[in-house]
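> here's a sequence, model it:
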Amino acid sequence: MSTGKTLGYVRVSSADQNPERQLEGIKLDKVFVDKVSGKDRNRPELRLLLDYAREDDILVIHSMDRLARNLDDLRSLIRDFTARGVKVQFVKENLTFTDDNSPMSNLLLSVMGAVAEFERALIRERQLEGIALAKKRGAYKGRKQKLSSVKVLELKQCITNGIKKSKVAKDFGISRETLYQYLRKK
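Next up is the predicted model:
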């Protein structure tokens, strides 16, 4: 009988997306939820999961694209887990990877990971095409500004008064890059 735990990893791209549906109905001992982009491995809950997972644990993930956005990261993460005796299961693809490292599992991982990476690239391409067409029609104005024009004037006054930009950004609840964008606008 296995003494390992059943772990879940869930990733959504933004804080307002609902992570609940990804592993709904699956009994898990512990769940790690990241609410960030999957563009790289630098995700707080993924790092915790990598530290936490032990031999005989089973890691359950909704789909390959939730774990990694590109084939290199996907293969590397699965190798990291399986080398430590952690079994990795993908629900959507109905695939399980273990430390047996068989040629068939390597092939399936490469093919399915490449398909997921290709799908993501197509989605991004269509999104950019849609934005370009909307801009041509004048229907796309970009993201709505976070601060009203009155708040922008207050922000500029704070900078004029010598308050540090990092403090102003924090006080207004914006990033420093957003602050610089407001300062560049006339």
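
> ranges for the helices of the chain?
Defined through DSSP state H, the helices belonging to the chain, from first to last, are 44-52, 64-67, 71-83, 103-137, 149-160, 165-172, 176-184.

> per-domain residue ranges of the chain.
The chain breaks down into these domains under automatic domain parsing: 6-116, 149-184.

> quick check: end-to-end length of stretch 17-31?
Using Cα to Cα, to the nearest Å, the span of stretch 17-31 from its first residue to its last is 17 Å.

> what of stretch 67-75?
Length of stretch 67-75, first residue to last, Cα to Cα: 10 Å.

> quick one, the lowest-mean-pLDDT helix or strand in the chain and helix 71-83 angle?
When each helix and strand of the chain is scored by mean pLDDT, DSSP states H and E, helix 103-137 comes last, with a mean of 83. For helix 103-137 against helix 71-83, the angle between stretch directions is 140 degrees (axes from the mean of the first three to the mean of the last three Cα atoms, to 10 degrees).

> for the helices of the chain, which one sits closest to residue 18?
Between residue 18 and the helices of the chain, the tightest spacing by Cβ to Cβ is seen for helix 64-67, at 13.4 Å. C-beta here means a position set from N, CA and C on the backbone, and glycine is covered the same way.

> report how many residues lie close to residue 4.
16 (other Cβ atoms under 10 Å).

> who's in contact with residue 159?
The contact partners of residue 159, taken as Cβ atoms under 8 Å, 6 or more residues apart in numbering, are 165, 168, 183.

> find the nearest non-adjacent residue to the second one, please.
Computed as Cβ to Cβ, 6 or more residues apart in numbering, the closest residue to residue 168 that is not its neighbour in sequence is residue 158, at 4.8 Å.

> is it true that the one you found touches residue 166?
No: at 11.7 Å, residue 158 does not count as touching residue 166 under the criterion of Cβ atoms under 8 Å.

> so for these two, which sits in the more crowded spot?
Ranked by neighbour count (other Cβ under 10 Å), residue 158 and residue 166 place residue 158 first, with 17 against 10.

> what's the pLDDT at that one?
We note a pLDDT of 92 for residue 158 in this prediction.

> now it: how far from residue 170?
When Cβ to Cβ, to the nearest Å is applied, the distance between residue 158 and residue 170 equals 11 Å.

> how about the contacts made by residue 14?
Contacts here follow Cβ under 8 Å, 6+ apart; on that basis residue 14 touches residue 35.

> got a pLDDT number for it?
Reading off the confidence values, residue 14 has pLDDT 70.
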